[in-house]
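S.K.: Please work out how this folds:
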Amino acid sequence: MTSPFQTAVRSTVHHTRRHDAIDRMIDDDERKNLSVIAQLDGLRAEYRRRALEGLATCHASAELETLADESTLEPLLRRQASELA
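M.R.: The predicted model follows:
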């Protein structure tokens with residue numbers, strides 16, 4: 001069985017299933033996996049933004065603050081992380 005994380009990052013999976021997988025990680029409070037998704041450079045921005053929103057839903061302020069300070073993260077995503085923290 002494929003994990004929600006694997007489903008979310010696999011490019012051959014339909015976007016609806018990828019969004020559902022991210023939502024499942026949010027429901028399961030998978031902060032580490034959501035943080036990784038937010039940082040994945042090759043992943044479309046819509047999934048990365050959803051992961052950031054999910055971290056806010058999980059009340060993961062520490063993770064969001066870390067991402068807001070992450071220089072390798074795109075400025076728009078860093079700003080979103082900062083606003084959500």
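S.K.: contacts and neighbour counts: CA atoms only from here.
M.R.: Noted.
S.K.: and the spatially most central residue of the chain, what are its phi and psi?
M.R.: Compute the mean C-alpha point of the chain, and by Cα atoms, centre = their mean the closest residue is Ala51, 2.2 Å away. Phi and psi for Ala51, reported as degrees, to the nearest 10, are phi -60, psi -40.
S.K.: Run through the residues that contact it.
M.R.: Neighbouring residues of Ala51 by Cα atoms under 8 Å, 6 or more residues apart in numbering: 22, 34-35, 37-38.
S.K.: next one: Gln39
M.R.: Going by Cα under 8 Å, 6+ apart, Gln39 touches 48, 73.
S.K.: do that again at 10 Å, thanks
M.R.: Gln39 sits next to 33, 45, 48-49, 51-52, 67, 70, 72-74, 77-78 when contact means Cα atoms under 10 Å, 6 or more residues apart in numbering.
S.K.: repeat for His59
M.R.: Counting by Cα under 10 Å, 6+ apart, His59 touches 29, 31, 53, 84-85.
S.K.: Tell me which of the residues you listed fall in helices.
M.R.: Residues of the contacts of His59 located in helices (DSSP state H): 31, 53, 84.
S.K.: ok, now how distant is Arg44 from Arg24?
M.R.: Distance, Arg44 to Arg24, using Cα to Cα, to the nearest Å: 18 Å.
S.K.: okay, now Thr66: neighbour count?
M.R.: Neighbourhood size, Thr66 [other Cα atoms under 10 Å]: 15.
S.K.: Which residue is the nearest non-sequential neighbour of Arg48?
M.R.: Distances taken as Cα to Cα, 6 or more residues apart in numbering place Ala38 nearest to Arg48, at 4.2 Å, with adjacent residues excluded.
S.K.: same check, this time on Ile22
M.R.: Once flanking residues are discounted, Ile22 sits nearest to Ala8: 6.1 Å by Cα to Cα, 6+ apart.
S.K.: want to try a markdown table for the contacts of Ala51, with secondary structure, distance to Ser3 and neighbour count as columns?
M.R.: Output for those, formatted as a markdown table (DSSP: H, G, I helix; E, B strand; the rest coil; distance: Cα to Cα, whole Å; neighbours: other Cα atoms under 10 Å):
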| residue | secondary structure | distance to Ser3 | neighbour count |
| --- | --- | --- | --- |
| Ile22 | helix | 11 | 25 |
| Leu34 | helix | 13 | 26 |
| Ser35 | helix | 16 | 20 |
| Ile37 | helix | 14 | 24 |
| Ala38 | helix | 17 | 28 |
